[in-house]
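Engineer: Based on what follows, work out the 3D shape:
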Amino acid sequence: MARSRNIKPGFFTNEDLVELNFGTRLLFAGLWTLADREGRLEDRPKKIKIGVFPADNVDVDAMLQELHEAKFVVRYEVDGSRYVQIANWSKHQNPHHTEKASEIPGIEGAVTVKDGDKAGGNPADSLIPDSLSSDSLKPADKPATTAKPSRPSAGLKTLKTYLAECEEQGVKPVPDDHAIRTFMAKAGICDEMQQLAWMRFREEHTTGTRKDKRQKDWPATFANSVKDRWYRLWFIQANGPAQWTTEGLQAKRVADAANEDQQEAA
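Structural biologist: Numbers count the residues shown, from 1 in each chain. Model (predicted):
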């Protein structure tokens, strides 16, 4: 059920948000009307599309991922169900005390319900002074980035352009000292899984549905794809290394067959 929410002028001038494409910015505003009082909603792109873009042919899943990568929302999974949490929700919105409590588990797996506004505070339809200012909308935990001379130049670019720059400068697309490599090692994600994850990521962003996607930090985007298991290639056990999923085994067999064909043709 859609809900009325507050949007301040700063929404339209936020420096991080304006770097995203028009449809993604519109989706972000639309998510606010679909989210519950805790800023959560089910991560169901088709359902969200009906609520925000009923007459448009758009890729809501890709736009949700863009918002996730930019840290405006967090896509997460609890007990096999996927959800979206809008970042800094309490800074931007003050839901009416009669609004139904959230039934969606929080990021840590526990349902947290904000107490109703029974003892004063801003009325639900008031405009919070710093809500949606350029600074308040900006994710608080977004780290500052500094360009390294040995890496390709900063700025929005496609993965194809980024890979060409890496090849020209003789550097790896994902540096050896990048934190995601340590993460994968500690998570027990084997080299073959890592290679297949990169292959799927590269194909999707150079020849697939996201080939026109532009990012400032492609290693970070790849890191997100690993941590959030975009391609569902493996699952993590309580003990021991990561194991292949059915989808992962299928992708592995396809990749192995392609390698065999290349070797026979050589």
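
Engineer: which SSE is residue 247 in?
Structural biologist: According to DSSP states H and E, residue 247 maps onto helix 246-265.

Engineer: so what's the backbone phi/psi at residue 161?
Structural biologist: The phi/psi pair for residue 161 (degrees, to the nearest 10) reads phi -70, psi -40.

Engineer: Tell me the pLDDT of it.
Structural biologist: Per-residue pLDDT puts residue 161 at 94.

Engineer: Low-confidence regions, the protein specifically.
Structural biologist: Scanning the chain for pLDDT under 70 picks out 1-4, 6, 92-98, 109-154, 266.

Engineer: and the residue nearest the centre of it, what helix or strand is that in?
Structural biologist: Centroid-nearest residue in the chain: residue 68, 2.6 Å away (criterion: Cα atoms, centre = their mean). Using DSSP H and E, residue 68 sits in helix 60-69.

Engineer: Would you confirm that residue 222 contacts residue 175?
Structural biologist: No: using Cβ atoms under 8 Å, residue 222 is not in contact with residue 175, being 11.1 Å away. (C-beta placed from N, C-alpha, C; glycine too.)

Engineer: Can you give the domain ranges for the chain?
Structural biologist: 9-137, 157-265 (automatic domain parsing).

Engineer: Kindly check the end-to-end length of the shortest one for me.
Structural biologist: Between the opening and closing residues of domain 157-265 there is a gap of 34 Å (Cα to Cα, to the nearest Å).

Engineer: Tell me where the stretch 101-250 of the chain has helices.
Structural biologist: 134-137, 159-169, 179-187, 191-206, 218-227, 246-265 (DSSP state H, counting those that start in this stretch).

Engineer: how much space between residue 183 and residue 214?
Structural biologist: Distance, residue 183 to residue 214, by Cβ to Cβ, to the nearest Å: 25 Å.
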